[in-house]
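**Q** following is a predicted model, sequence given first.
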Amino acid sequence: MSTAPPFVQFDNVSYGLPGAARPIISDLNLEIFRGETLVLLGESGCGKTTTLRLVNRMLLPTAGRVLVEGKPTSAWDAIALRRSMGYVIQEAGLFPHFNVERNIALVPTLEGWTRARVRERVREMLALVGLDPQTFGARFPRELSGGQRQRVGVARALAADPHLLLMDEPFGALDPLTRAALQNEFAQLRARLEKTVIFVTHDVREALRLATRIALMREGRIVLLATPEEFMRTAEPLARAYLETLRLDDNAPPPAAKQVG
Amino acid sequence: MNLFEFIKGNWREVLTATGEHLFLVLVSIAVAIIIGIPLGILVARRAAWKRATLGVAGVLQTVPSLALFGLLIPLPLFGGIGARTAIIALVLYALLPLIRNTVTGLEGVDKNVREAAVAMGMRERQILWQVELPLALNVILAGVRVATVVSVGVATIAAAIGAGGLGAYIFRGLRQNDNTLVLAGALPAALLALLADWLLGLLESRLDANVKRRGETTSDERGRAWRRVGFVATALLLAAAALVVWRGAATQPTPGADGRTHAPIRVGSKDFTESIILAEMLAQELEARGATVERRYELGGNLCHDALLGAQIDAYPEYTGTSFTAILKHQPLSDARAVYETVKRDYAGRFKVDVSAPLGFSNDFAILVRGSDARSLNLRTISDAASHAPGWRAGFGQDFMSRADGYQGFTRAYQLQFAARPREMDLSLTYRALAAREVDIIAGNSTDGLIAALDLVQLEDDRHYFPPYEAVFLTRRDALERPSALAAALQRLAGLITTDEMRLLNYEVDGKKRAIPDVVREWRRNEGL
């Protein structure tokens, strides 16, 4: 693929809770390169969120190493590592007692930016995700729609200009129309900003729409690592089962610009 | 006298009592907050500690308040009588709601929000102060509110250990069967509780971070300004209350005219009328001799004894029989001379406490029947009554039922059989029950003013079962040795009061509801003191 060193690398990584019958992650090997969007696809409990949390050291592997920019996460200062990455989760995880401006300003403020620079950055970010700073800056999260909250979540993740974005089913709780709109906007945004993204979803259509590569997971292992095109043609049974759901869904148009099997 | 007239006539005293009450509550809540909230934060994330801590706090809260005060009194550092012990007990009661609500509030913070905070690279301390505590604040404040309201109630019990407050009225009212007095304590206490509940409720809704809407304030700045106003107003209110109380409570020893500091003589009393009258006699005699007196009356149970040994009071009135059986744990003895000598010798040796000369009367257990029965059945002694007992109902106070020289030995000595097991009730109610023909025989006190007032007759203890209860003053040696008016005052009061006189004085207070200081002043005039 690329001759450049991977930005994030999983090196024989396992993760399990003591006393559990089966580890949550087993012998995971995965390389994620600059500028790509790697989608972790799988059912609930397959270990995709755990994989994401191993990247920003919210979890440490019980075996093997996770390297970020060539350095094991165990050697990183957890706080510095996390502040160098953006993080977006379902329902956005916005602070209900902070207004939109303060939510977006969180990491820059923690990093000690000047007030003027923080304010400027917040305006920029709101404009970037398509929200009018005048209208939305002073609002509190519960005064926003689901889609607006998620946009603020993305703006917050991007505020300190991280290179890597970790996204855990960020559009999972939205209605289908809003979700499609946000997916498209996000795809454009990503192309413009040249970020590296690790994206967790159980929605195969979302995976096909956003991914440069898809890692299909089952029971803590990667069963298929493929580009969307390869994914459409694979004989791997779980991938076939996912594609089957697309065909059964009458209302669904075929994935953009792809020819099914 | 109705409640309104009472408060009008005594507003200064009611205000002081309310201030003392407020002081107890505010100090103990402040201490409980300083201990409870950090403890709650500490244990919120440690399941094992949490269970243990909440368990201990829960058990503490189930201990009845009077019992908790009783348990604290003998402890060396926390114990004794007065405000300090009361505050410690109140703090222990306030801990559970504070710890529990802190834990509940922190656990109630949205998991997603906490996760986001960690993932954004916030440090634990930042998460706690900027995210978790603000979001848990309304639940924690609800805990403060519950703890405060409970404390206002429990603080009324503090009067039993000499901490003052509104409970003093309630206890006095119950003792004297005077509902006006009970209300004078209960009503301000209830108002305080309502006020605290309302103020803290207001604060709670002001500060609730979870329901913030832009619509309520036009900008974030404005919201912050409001919060600041709320904090400042609350702080000012608390400070003002504390100041009022502090000034009200400041009865510190004042330097004498010659520049030397005269330590006041602290006179204690038990929590019944006669003991307070006797203490007041000593206090007024001391004041007549130019001494400064600090009155620490109405101490419950055996508190006076503990307070005397703990040097928290210098003197208090006692009965030789009580010292003999309850304190020295001797078997009851009916020889008054022997009892007095033994008590004097043992107290000097064991406690370094001096027993004064007898005051002149005894307050023995008095077996009482209605005057009409005594006359129609020709009853003079307890033995005369024994044959009628199987048809009688008896009513005795809790004290008489439980003590070594009480019910059990009494029925054995006279081989008494009653129609039913005696009704156990409050001592002051037994008199009324006897007069109302609900019981036929009771054990009262021989100096009780109600004996004459209700036409009751005391039966003679012809088998000399009851030990003598001669009234004396107990004084700590070192207090006597200080140059003061104490020794002279005690000498002056020796042998001065007859049983009939004591009955009369008791009746002036309990029967006619007159104030003790007035009754004592009048007695001093009549005695030519």
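**A** Yep, that arrived.

**Q** check the offset of stretch A:161-180 from the chain's centre.
**A** 7 Å (C-alpha atoms, centre = their mean, to the nearest Å).

**Q** give me the contacts around that stretch.
**A** Residues outside stretch A:161-180 that contact it (C-beta atoms under 8 Å, 6 or more residues apart in numbering or on different chains) are A:7-8, A:34, A:49, A:52, A:55-56, A:68, A:83-92, A:145-147, A:150, A:153-154, A:157-158, A:182-183, A:195-203, A:206, B:119. (Each C-beta comes from the backbone N, C-alpha and C, glycine too.)

**Q** give me the buried entries from the residues you listed.
**A** Buried subset of these (neighbour count, 16 or more other C-beta atoms under 10 Å in any protein chain shown): A:7-8, A:34, A:49, A:52, A:55-56, A:68, A:83-92, A:146-147, A:150, A:153-154, A:157-158, A:182-183, A:195-203, A:206, B:119.

**Q** if you look at these, which of them are in strands?
**A** Among the buried ones among the contacts of stretch A:161-180, the ones falling in strands (DSSP state E) are A:8, A:68, A:85-89, A:196-201.

**Q** now residue B:71: closest residue in space that isn't a chain neighbour?
**A** With C-beta to C-beta, 6 or more residues apart in numbering or on different chains as the criterion, residue B:71 has its nearest non-adjacent residue at 7.4 Å, and that residue is residue B:63.

**Q** give me the pLDDT value at residue 128.
**A** Going with chain A. Here the pLDDT value assigned to residue A:128 is 90.

**Q** oops, wrong one, chain B.
**A** What the model reports as pLDDT for residue B:128 is 93.

**Q** likewise residue B:245?
**A** So, for residue B:245, pLDDT stands at 51.

**Q** got the contact list for residue 193?
**A** Here I'm looking at chain A. Contacts for residue A:193 (C-beta under 8 Å, 6+ apart) come out as residue A:158.

**Q** look at chain B instead
**A** So residue B:193 contacts B:149, B:152, B:153 (C-beta under 8 Å, 6+ apart).

**Q** what does residue B:442 give?
**A** B:367, B:368, B:394, B:395, B:396, B:430, B:431, B:433, B:434.

**Q** tell me the two of those that are most distant?
**A** Taking C-beta to C-beta, the two most distant members of the contacts of residue B:442 are B:367 and B:433; they sit 14.8 Å apart.

**Q** more neighbours, those two?
**A** Ranked by neighbour count (other C-beta atoms under 10 Å in any protein chain shown), residue B:367 and residue B:433 place residue B:367 first, with 24 against 17.

**Q** now name the helix or strand holding that one.
**A** Counting by DSSP states H and E, the element that carries residue B:367 is strand B:365-370.

**Q** ok, now residue B:49?
**A** Per DSSP H and E: helix B:47-62 holds residue B:49.

**Q** that helix and chain A in contact?
**A** No. With C-beta under 8 Å from any C-beta of the partner chain as the criterion, chain A is not reached by helix B:47-62; the gap is at least 15.6 Å.

**Q** tilt between the helix or strand that that helix is followed by and helix B:47-62?
**A** Scanning forward in sequence from helix B:47-62 by DSSP H and E, the next helix or strand is helix B:65-72. Counting by axes from the mean of the first three to the mean of the last three C-alpha atoms, to 10 degrees, helix B:65-72 lies at 110 degrees to helix B:47-62.

**Q** tell me which other helices or strands helix B:65-72 touches.
**A** With contacts taken as 3 or more C-beta pairs under 8 Å, 6 or more residues apart in numbering or on different chains; DSSP states H and E, helix B:65-72 sits against helix B:83-107.

**Q** near chain A at all, the helix it packs on?
**A** No. Helix B:83-107 stays clear of chain A (C-beta under 8 Å from any C-beta), getting no nearer than 13.0 Å.

**Q** quick check: end-to-end length of stretch B:491-507?
**A** 26 Å (C-alpha to C-alpha, to the nearest Å).

**Q** what's next to it, contact-wise?
**A** Stretch B:491-507 has contacts (C-beta under 8 Å, 6+ apart) with B:273-274, B:277, B:281-282, B:285, B:356-363, B:446-453, B:471, B:473, B:519-520, B:523, B:527, B:529.

**Q** filter the residues you listed down to the ones in strands?
**A** Short answer: these in strands (DSSP E) are B:471, B:473.
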